[in-house]
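1. here's a sequence, model it:
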Amino acid sequence: ALGPGGALEAAVEAREQGLVRFIGITGHGIGIAASHRRALERFPFDSVLLPYSHILMQDAPYAADFTALLALCQQRGVAVQTIKAITRAPWGERARTAATWYEPLTAQADIDLAAHWVLGEPGVFLNTVGDIHVLPKVFDAASRFATRPSDAEMQAEIDTLAMAPLFT
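-> Below is the predicted model:
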């Protein structure tokens, strides 16, 4: 994607033609924060998009990579968009009840905690879930954000709901 004739070359050409204003990079998985940092060394992307949640940040290597990426993005004025904030767990064998590829949180109070935790991180955006039944709850949570929940509150949510990381 970043090499000659790749997607990045086409995106740069589109920007030069005035078809797009910004070029971002997106990714998923436990190694994506480090991968985005390497990509920013090769090209000045305008934004990065990657997973960010309390449970994911319990993975020490991911947390270190995310923190380093966030610092680099803040230094360079690169937008940091976050996804998967309201992940409860991978679906596994459970019946799918939402239009997401992971099981989302569904109770308003649980979504509030997860969304407020992300919104409590200065310099990041909270991107929304694509399920039309969960989406209004995320908007509601975001509209009422005041402070970031404590780690103890977040751990209680993880324990009570048997939450699991989407990526390992």
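2. buried ones in the longest helix anywhere in the chain?
-> When the chain is parsed with DSSP state H, its longest helix is helix 60-76. By neighbour count, with 16 or more other C-beta atoms under 10 Å as the criterion, the buried positions of helix 60-76 are Y62, D65, F66, L69, L70, L72, C73. All C-beta atoms are positioned from the backbone trio N, CA, C, and that covers glycine.
3. below-threshold pLDDT in this protein: ranges please.
-> 1 (pLDDT under 70).
4. do a quick rundown of the strands in the chain.
-> For the chain, the strands defined by DSSP state E cover 24-26, 47-51, 79-83, 87-89, 103-104, 124-126.
5. how far away is the residue lying closest to S53 once chain neighbours are set aside from Q75?
-> Leaving aside its chain neighbours, S53 sits nearest to A85 (5.1 Å; criterion: C-beta to C-beta, 6 or more residues apart in numbering). With distances taken as C-beta to C-beta, to the nearest Å, A85 is found 24 Å from Q75.
6. one step back: ok, the buried residues of helix 60-76 vs R21, which is closest?
-> C73 (17.9 Å; C-beta to C-beta).
7. which residues touch E121?
-> By C-beta atoms under 8 Å, 6 or more residues apart in numbering, the residues touching E121 are Y52, L70, R148.
8. correct me, but S47 touches R76?
-> No. With contact defined as C-beta atoms under 8 Å, S47 does not count as touching R76 (10.9 Å).
9. helices of this protein, start to end?
-> Going by DSSP H, the chain shows helices at 7-16, 32-42, 60-76, 108-119, 135-143, 151-161.
10. as JSON lines, these with distance to N127 would be great.
-> Shown next, in JSON lines, are the helices of the chain (distance: least, C-beta to C-beta, whole Å):
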{"stretch": "helix 7-16", "distance to N127": "19"}
{"stretch": "helix 32-42", "distance to N127": "14"}
{"stretch": "helix 60-76", "distance to N127": "15"}
{"stretch": "helix 108-119", "distance to N127": "9"}
{"stretch": "helix 135-143", "distance to N127": "9"}
{"stretch": "helix 151-161", "distance to N127": "19"}
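11. ranking the ones you listed by burial, who's on top?
-> helix 108-119 (a mean of 21; mean count of other C-beta atoms under 10 Å).
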